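K.L.:
sharing a model prediction with you, sequence too.
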Amino acid sequence: MKNKKTLVLGATTKPERYAFKAVNMLVEKGHSVLALGQNAGEVAGVKIQTKAIPLKNIDTVTLYLNPTRQRDYYNYIVEAKPKRVIFNPGTENPEFYQLLKLNDIKVEVACTLVLLATNQY
């Protein structure tokens, strides 16, 4: 399996949250992980950044932010030019889909945890 450098947007240190589980599972499956969240911390050896960090060679951005909070990151994500953006359950955002498609970025409405668990990531 190819290592897919992934940004988890909405990362958290709260074990009950899906973003926390996603960071753990991505690391466990051998992917390079960057994490951006509201609060600093660390999950599975990955530091959670609280300010936008420069992104290079990002394969996937997986979202754990509601559509309203995503707006602050539209340009950041588009400028990073990831191959795809995964909209996890609860993050669906048709407005953002259009912007991504205009910039030739694949939109995937799916669950990162399911994709990883079924080897479809």
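P.N.:
Looks like it came in fine.

K.L.:
could I get the full set of helices for the chain?
P.N.:
Assigned by DSSP state H, the chain shows helices spanning 18-28, 67-70, 74-80, 94-102, 112-117.

K.L.:
of those helices, which is nearest Ala44?
P.N.:
helix 18-28 (4.2 Å; CB to CB). For the C-beta atoms, the positions are set from N, CA and C on the backbone; glycine is no exception.

K.L.:
outside of the closest one itself, list whatever touches it.
P.N.:
Here helix 18-28 makes contact (CB atoms under 8 Å, 6 or more residues apart in numbering) with 6, 8, 10-15, 33, 35, 37, 43-46, 62, 64, 88, 112-113, 116-117.

K.L.:
buried ones among the residues you listed?
P.N.:
6, 8, 10-13, 33, 35, 37, 43, 46, 62, 64, 88, 112-113, 116 (16 or more other CB atoms under 10 Å).

K.L.:
who's the residue positioned nearest the centre of the chain bridged to?
P.N.:
Centroid-nearest residue in the chain, with CA atoms, centre = their mean: Thr62, separated by 2.2 Å. Beta bridges link Thr62 to Val8, Ile86 when assigned by DSSP bridges.
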